[in-house]
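# No sequence on hand, only this structure:
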């Protein structure tokens, strides 16, 4: 299953790059980052820690919607052992702002799954900061805030 998620992530990155070549209004880097955001969702759904590990910088930090703060190791452990089982995580209204070798991504996420035996749906805003190091985009910081409606 992990290999499938990594393969899907790679297909998304390469597919997005091919799409960007056809659509000159979106840069190659923006397409890659959008694909990485989608791959992140798939990896989280599958609890694919290996795929997430490859997308996150060693210095990655995360602020959860409940205000808790974690570093990369803590975030990966939470994803691996978390009680909620996410069946689907999707992004909407994604915007990518490029600043040289840095990108800030904002958008809305929607998550559906099972928590404590009951179905749940969450909707929130996110901000992710990506850094291009030696040609590889890595997420260095992420933050999520739940929306009340």
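Structure received. It should be emphasised that the depicted structure is a prediction, and the values quoted were computed from it without experimental measurement. Numbers count the residues shown, from 1 in each chain.
# which residue ranges form the strands in the protein?
Along the chain, the segments classed as strands by DSSP state E run 56-63, 69-71, 85-99, 102-115, 118-133, 136-146.
# for residue 119, what are its contacts?
112, 113 (Cβ atoms under 8 Å, 6 or more residues apart in numbering). In short, each C-beta sits where N, CA and C put it, glycine included.
# Next one: it from residue 45, what distance?
As judged by Cβ to Cβ, to the nearest Å, residue 119 and residue 45 stand 15 Å apart.
# Show me the beta-bridge partners of residue 88.
For residue 88, the residues forming beta bridges with it (DSSP bridges) are residue 112.
# That one and residue 113 touch, don't they?
Yes - the criterion here is Cβ atoms under 8 Å, and residue 88 meets it with residue 113 at 7.4 Å.
# For these two, indicate the residue with more neighbours.
Ranked by neighbour count (other Cβ atoms under 10 Å), residue 88 and residue 113 place residue 113 first, with 18 against 12.
# While we're on the more buried one, how confident is the model there?
pLDDT recorded at residue 113 is 85.
# didn't it look like it was pressed against residue 82?
No - taking contacts as Cβ under 8 Å, residue 113 lies outside contact range of residue 82: 9.9 Å.
# re earlier: weakest of the strands of the chain in terms of mean pLDDT?
Among those, strand 85-99 scores lowest, with a mean of 89.
# tell me which residues of that strand are tucked away?
For strand 85-99, a neighbour-count test (16 or more other Cβ atoms under 10 Å) marks 86, 89, 91, 94, 96 as buried.
# Any figure for the gap between the fourth one and residue 120?
To tie it back to what came earlier, the one meant is residue 94. As judged by Cβ to Cβ, residue 94 and residue 120 stand 22 Å apart.
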